[in-house]
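J.: Sequence and computational prediction follow.
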Amino acid sequence: MIDADHQPQASDRIEDAMSAALAHYQVTMGEPFPTVPKLLSIEDSDFWTDAEMDDDILVISVSTEFVRTLSGMWDAAVNDSVFLNGVSILLIGEPDEMVHLGLVWLLLHELHHFQMRHFAFAERLCLTEANAPERFGVVERSSIQGAILAEIRKVDLPRVKPCLEMQAGHDAIEMLFDAYSADGWNFICERTAAVTATMMLIEREDSKRTHGGESHPKAATRVFQLLGHVIEMPLSQAKIAQARPELEIHPAIPSDEEQSAYNS
């Protein structure tokens, strides 16, 4: 167990994760994030995060309890014999690194809500993860339905928000995991574990609240999407080469033996 007196402050971890998320975005997209987000670290004993629009400014808030809960889980995991019997300690990083990766994925997820114009599509000024019930009063859907949602059948409207969450989550996964490399399997395992843990904690905390309907996919659905991406990573370069021949990317496909070893 790490001495709590020597752990980084929750606010510092959030700031570091945002810097890393913005750097991932710039390297992947070849350009900076389209706006300068305002990041707030909120001292709160509840586990939550949200992204909201304040006029044209993207404001992302993360509670300090989100960091403390994530940190506590990983500190306990690396000292749990049952966990370690199922996961090689060589395939995951130190608790601080796992917390950092989970936070980076979370912030990339929030950034992609803005990048993919989800606020306008969902007609909401705020999108949340495991947020406290009282905060949902300011994110109720407008009574004046916009043109996009007007085209969606009423029975399908409850599925819109979970779909947006899956979209943002997918792009955040792609950006955090980057390109496949035969030398990078340990990094893929590490990121898979970090993101999975964050997804499961969000569902656990979200289940404690009453929101009047589900607004997020189940952790199992999110993890299924995550593992689908991980399994497809060795073939992604060949797929891009086929879809975009003008990029002149070498359509490298790992051998069957390498793919089998990777899947194992």
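T.: Alright, I've got the coordinates.
J.: Can you show me the strands along this structure?
T.: Using DSSP state E, the strands of the chain run over 38-42, 49-54, 57-63, 126-129.
J.: Pull the residues that contact the first one.
T.: Strand 38-42 has contacts (CB atoms under 8 Å, 6 or more residues apart in numbering) with 10-11, 14-15, 18, 54, 57-64. Yep, even glycine has a C-beta here, placed from its N, CA and C like the rest.
J.: Looking at the residues you listed, spot the one nearest residue 196.
T.: For the contacts of strand 38-42, the residue nearest residue 196 by CB to CB is residue 62; the value is 19.1 Å.
J.: Look up the residues forming beta bridges with that closest one.
T.: Note on residue 62: beta-bridge partners by DSSP bridges are residue 41, residue 49.
J.: Give the burial count for it, as a bare number.
T.: Using other CB atoms under 10 Å, residue 62 has 29 other residues around it.
J.: what's the answer for the one 10 residues further on, then?
T.: Other residues lying near residue 72 total 16 when counted by other CB under 10 Å.
J.: What's the separation between it and residue 24?
T.: Counting by CB to CB, to the nearest Å, the separation of residue 72 from residue 24 is 26 Å.
J.: same question, residue 161
T.: Look at residue 161 and residue 24: by CB to CB, they are 25 Å apart.
J.: got it, and residue 227?
T.: For residue 227, the distance to residue 24 - CB to CB - is 21 Å.
J.: Likewise for residue 82?
T.: 33 Å.
J.: Now do the contacts for residue 254.
T.: Contacts of residue 254 (CB under 8 Å, 6+ apart): 182, 234, 262.
J.: Name the nearest residue to residue 74, ignoring sequence neighbours.
T.: Nearest non-adjacent residue to residue 74, counting by CB to CB, 6 or more residues apart in numbering: residue 95, 3.9 Å away.
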